[in-house]
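K.L.:
based on what follows, work out the 3D shape:
(one chain, ligands or ions: 3)
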Amino acid sequence: MKDKHLDAPLHVRGESLYVDDVAPPVGMLHAAIATSPVAHGRLLSVDTADAEAMAGVVAAVRANDVPGDNEIGPVIQDEPLLAESLVDFMGQPVVLIVAESAAIARAAAKTVVIEVEELEPVTDPRVAFERGSVIGTPRVFASGDVEAAWDACDIVVSGRSDVGGQEHLYLETQRARALPGEEGRMVIFSSTQSPYAVQRAAAGILGVPAHLVEVDVKRLGGGFGGKEDQATAWGCLAALAAHVVGRPVELVLDRVDDLRMTGKRHPYSADWKLGARRDGTLVAWDVRHYQNSGASCDLSLAVLERTLFHAANAYRIPNVRAFGAACRTNLPPNTAFRGFGGPQGMFAIECAIAKLAETLGMSREDLQRKNLIAEGDTLHYGQVTERCNAQRTWDECATRNEFSALRAEAERFNRANTDKKRGLAMMPVCFGIAFTGTFLNQASALVHAYTDGSVSVSTGGVEMGQGLTTKLAAIAARHFGISPGRVRVETTNTTRIANMSPTAASAGTDLNGGATMLAIDRIKAGLFDFLARELGVDPGSLTLDGDAVYADGADTGWDWPKLVSAAYMNRIALSAHAFYATPGLHFDKTKEHGNPFAYHVFGTAILGVTVDGLRGTYEIDTARIVHDLGRPVNELVDLGQIEGALGQGLGWMTMEDLRYDPDTGRLLSNALSTYKAPDLFATPRDLQVTLLDAENPVGPFGSKAVGEPPLMYGIGVYFALRDAVRGFVSDRELRFDAPMTPERVLMDLYADDSGVLDSGRRAAE
Ligand code: MTE
Ligand code: HPA
Ligand code: MOS
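P.N.:
Ligands and ions are numbered 1, 2, ... in the order given. This next block holds a predicted model:
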């Protein structure tokens, strides 16, 4: 199917409703937050007198106003909603000001005087690690015997790579609205990927059972992982304020506050060693990942785990040792971001492969191709690959796009030009689909058919722009056998669906689609039993297709509306709830081995760039992708996902330069003037996506998850840029440090080891 995203007409007309677009309830107040002025310190005093004296201010809420438990950490209880005695990052919420308008609340929040005894902040994960400031315990995923394997290697390269964080930059900043009701009830409208996380945390904050808190989500103006866990605080703060003042309260972060107060993609630093035989066959991979986790655990341990799962990307390496530590620093807690640690894991192995190729004098692509995983290979965490399309997508990508011709053309260009050089790279991706926490791979759906033949579908899945609603409606219509226009997908609401996992891990369609199909099976079974009795046929002979009912393929004269209304008159259930759990998943954390993923998504990209050696600037000329979507439920929506994810990956690797002051922990790239994100003009002019002809028996109608994997094609651009830089300086030792901003290109071209620029240097070489 190639239908448009169901929200597209609403979006372009500006009719889509977000949390604060809904008409405010009578008496609604607004909240704003006063935050920690330092990255690490002890609270000495908090003076809210001036704020409270301002006209229009209704309340100043502090940690001691929390009726329940002032804790919202999703995995480890290390995250106070409002700071009590210690502050651990700049921008940490300390006081909530509630006022008649958002403007008054913000102005009042600025007058709050927070006195702190400053403690030394740590911003570098390696420093944190040395000081033992580690969250949880470091993990090691291993296969074979790395130590014994070095002897079998003809060549061993080692190095260090650093990769930056990334701001989510969802268009809709964090926000929530809370409405107190009778008997302690609280309804929260939240921009969250995880309604149940908000419900659970808010119930804990309010000290009430979960059933008193209802969370409702219509849609998000983007989440990208930034609202998987980090929407929870704002929902809880709005609920806390509403509880204290007994009136509805809305909390909306403005862009500057959102940038400085929320966590981002985790920066990582890694040390590694890669060993191979002379012919390029990989033998051993040893990597140590230091994750900059920020001030509290958040989802860092799950992100770290996914890094270790993707430590070898799509390569067959018999001996692997992947170590990872979540290092606690005084930055805002870093969190989920599209790829969820996978990209950082892949970046390190791709760096090592680049270095090995250079050392062996082999092309990077030959080395990559030679070592791609194949059907039946056992990955370093014990899962055996099935329907492995790593080599297929690579070969199809290289052949279809005539990679060798592209390479020859780039070489010709580079011989003819002195100030500009072209660079190319190929980037394979193998990404595991399922939450790595096995228990999260569950979902429910509630489906109603009304007597007029219209259908309502509720699931725990959240629409954040990715097209989940569009795909669920298509799945429901197709599985029923009715026309798509009959199906409506409802808001995500904790009273209709309980205990939902976040919409994340790219698994939204698989999980919620799976549950929806099971619920539809139940309704159809009841309807067909009924109709079989009416017609005197076997229920197994009945089918629905395009609203018409067939018996053994022959038209019965019954259509869908007639069937549901007759069933209703005969007291047959027209509603069903169903539960889905992804089959076949298990993982033994004591051995770090098992079958964590339902399947893998494969693909390969070619990236091509042109670098200006005088300015350090560059163009991304080409991105050509062969991607495995299985049989997509909605090809148009999924192509949008591939292009959007690629854009985010390219931004992460090139221009999105997230900077904190290392001494104070202050965010330096704190506005869109200092944090550059890609726009349409940064998109490669030559962008071609080809879908692999493949089948996925595990996904709805043979489809595969799409949301995250294509982001990692963006990693290829780093190596294309490095390839182009090599065209200028072939012998120079180059660092592995992403993003490759134009500034960094200039450093690579002209700076000496101490970072001093020398304009004569390149000419001399
Ligand atoms: N696409 C849009 N437009 N907006 C988003 O916030 N989030 C991404 C991806 N695509 C996102 C998006 C992330 S991080 C994930 S995990 C998936 O969508 C989640 O949705 P899915 O599981 O339904 O694919
Ligand atoms: N991916 C995304 N989000 C998650 C995961 C995961 O594997 N585990 C917990 N939250
Ligand atoms: Mo996506 S990072 O799993 O929300």
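
K.L.:
low pLDDT regions in the stretch 351-500 of the chain?
P.N.:
Of all residues in the stretch 351-500 of the chain, none has pLDDT under 70.

K.L.:
so which bits of stretch 501-517 are buried?
P.N.:
501-517 (16 or more other C-beta atoms under 10 Å). Placement of C-beta: from N, CA and C, glycine included.

K.L.:
strands - which of those land there?
P.N.:
If you go by DSSP state E, the buried residues of stretch 501-517 have nothing in strands.

K.L.:
among those residues, which are in reach of ligand 3?
P.N.:
504, 505 (C-beta under 6 Å from any ligand atom).

K.L.:
tell me which parts of the protein are close to ligand 2?
P.N.:
So far as C-beta under 6 Å from any ligand atom goes, the chain lies against ligand 2 at 228, 299, 302, 306, 336, 340, 435, 436, 437, 440, 504, 505.

K.L.:
which ones are touching the fifth one?
P.N.:
Applying C-beta atoms under 8 Å, 6 or more residues apart in numbering to residue 336 gives the contacts 225, 226, 228, 229, 299, 303, 504.

K.L.:
one more pass at 10 Å, please.
P.N.:
168, 193-194, 223-230, 263, 265-266, 298-300, 302-303, 306, 502, 504-505 (C-beta atoms under 10 Å, 6 or more residues apart in numbering).

K.L.:
if we ignore the residues flanking it in sequence, what's nearest it?
P.N.:
Once flanking residues are discounted, residue 336 sits nearest to residue 225: 3.3 Å by C-beta to C-beta, 6 or more residues apart in numbering.

K.L.:
burial of that neighbour, as a residue count?
P.N.:
Other residues lying near residue 225 total 28 when counted by other C-beta atoms under 10 Å.

K.L.:
which helix or strand contains the closest residue in space to residue 611 that isn't next to it in sequence?
P.N.:
Leaving aside its chain neighbours, residue 611 sits nearest to residue 724 (4.0 Å; criterion: C-beta to C-beta, 6+ apart). Per DSSP states H and E: residue 724 is located in helix 715-728.

K.L.:
buried residues in that helix, which are they?
P.N.:
715-728.

K.L.:
now do stretch 328-335
P.N.:
Buried residues in stretch 328-335, counted by 16+ other C-beta under 10 Å: 328, 329, 330, 331, 332, 333, 334, 335.

K.L.:
could you dump these to JSON lines with secondary structure, pLDDT and distance to residue 736?
P.N.:
As requested, the buried residues of stretch 328-335 are exported to JSON lines (DSSP: H, G, I helix; E, B strand; the rest coil; pLDDT from 0 to 100; distance: C-beta to C-beta, whole Å):
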{"residue": "328", "secondary structure": "strand", "pLDDT": "98", "distance to residue 736": "25"}
{"residue": "329", "secondary structure": "coil", "pLDDT": "98", "distance to residue 736": "21"}
{"residue": "330", "secondary structure": "coil", "pLDDT": "98", "distance to residue 736": "26"}
{"residue": "331", "secondary structure": "coil", "pLDDT": "98", "distance to residue 736": "22"}
{"residue": "332", "secondary structure": "coil", "pLDDT": "98", "distance to residue 736": "26"}
{"residue": "333", "secondary structure": "coil", "pLDDT": "98", "distance to residue 736": "26"}
{"residue": "334", "secondary structure": "coil", "pLDDT": "98", "distance to residue 736": "20"}
{"residue": "335", "secondary structure": "coil", "pLDDT": "98", "distance to residue 736": "24"}
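
K.L.:
between those, which sits nearest ligand 2?
P.N.:
residue 335 (9.7 Å; C-beta to the nearest ligand atom).

K.L.:
so which residues of the stretch 51-200 of the chain form helices?
P.N.:
Under the criterion DSSP state H, counting those that start in this stretch, the stretch 51-200 of the chain contains helices at 102-111, 125-130, 146-149, 195-206.

K.L.:
and these: which comes nearest residue 659?
P.N.:
helix 125-130 (15.3 Å; C-beta to C-beta).

K.L.:
and that closest one, what does it pack against?
P.N.:
The contact analysis (3 or more C-beta pairs under 10 Å, 6 or more residues apart in numbering; DSSP states H and E) places helix 125-130 against strand 134-143, strand 155-163, strand 268-276, strand 282-294, strand 319-328.

K.L.:
from what I can see residue 157 touches residue 275, true?
P.N.:
Yes: Residue 157 lies in contact with residue 275 (C-beta atoms under 10 Å); the separation is 8.0 Å.

K.L.:
which neighbours do the two share?
P.N.:
Contact criterion C-beta under 10 Å, 6+ apart; residues shared by residue 157 and residue 275: 352, 356.

K.L.:
between these two, which has more neighbouring residues?
P.N.:
Higher neighbour count among residue 157 and residue 275: residue 275, with 24 against 20, using other C-beta under 10 Å.

K.L.:
which residue packs closest to residue 126, ignoring adjacent ones?
P.N.:
residue 290 (5.4 Å).

K.L.:
am I right that the one you found is in contact with residue 271?
P.N.:
Yes: using C-beta under 10 Å, residue 290 is in contact with residue 271, at 8.2 Å.

K.L.:
between these two, who's got more neighbours?
P.N.:
residue 290 (26 against 16).

K.L.:
give the bridge partners for the more buried one, please.
P.N.:
Going by DSSP bridges, residue 290 is paired in beta bridges with residue 269, residue 325.

K.L.:
where does it land on pLDDT?
P.N.:
Predicted confidence (pLDDT) for residue 290: 99.

K.L.:
show me the strands in the stretch 551-700 of the chain, by range?
P.N.:
Taking DSSP state E, counting those that start in this stretch as the criterion, the stretch 551-700 of the chain carries its strands at 554-559, 575-581, 586-588, 593-595, 599-612, 618-627, 686-691.

K.L.:
rewinding a little: what is in contact with residue 290 and residue 271 at once?
P.N.:
Contacts common to residue 290 and residue 271, judged by C-beta under 10 Å, 6+ apart, are 126, 323.

K.L.:
roughly how far does residue 483 sit from ligand 2?
P.N.:
34 Å (C-beta to the nearest ligand atom, to the nearest Å).

K.L.:
oh sorry, the question was meant for residue 557
P.N.:
On the measure of C-beta to the nearest ligand atom, residue 557 and ligand 2 end up 49 Å apart.

K.L.:
my read: that residue touches residue 534, true?
P.N.:
No: using C-beta under 10 Å, residue 557 is not in contact with residue 534; the gap is 11.3 Å.

K.L.:
still on that earlier bit, mind picking the two most distant members of the buried residues of stretch 328-335?
P.N.:
330 and 335 (15.7 Å).

K.L.:
return the residues in contact with the residue nearest to residue 126.
P.N.:
124-130, 134, 138, 162, 266-271, 323-327.

K.L.:
summarise which helices and strands the helix or strand where residue 432 lies is packed against.
P.N.:
According to DSSP H and E, residue 432 maps onto strand 420-433. Packing partners of strand 420-433 (3+ C-beta pairs under 10 Å, 6+ apart): helix 300-309, helix 342-360, helix 364-370, helix 390-400, helix 403-416, strand 599-612, strand 618-627, helix 715-728.

K.L.:
neighbouring strands for that strand, and are they parallel or not?
P.N.:
For strand 420-433, pairing defined by DSSP bridges yields strand 599-612 (antiparallel).

K.L.:
hmm, the partner strand touching ligand 1?
P.N.:
No: residues of strand 599-612 contacting ligand 1 under C-beta under 6 Å from any ligand atom: none, with a closest distance of 11.1 Å.
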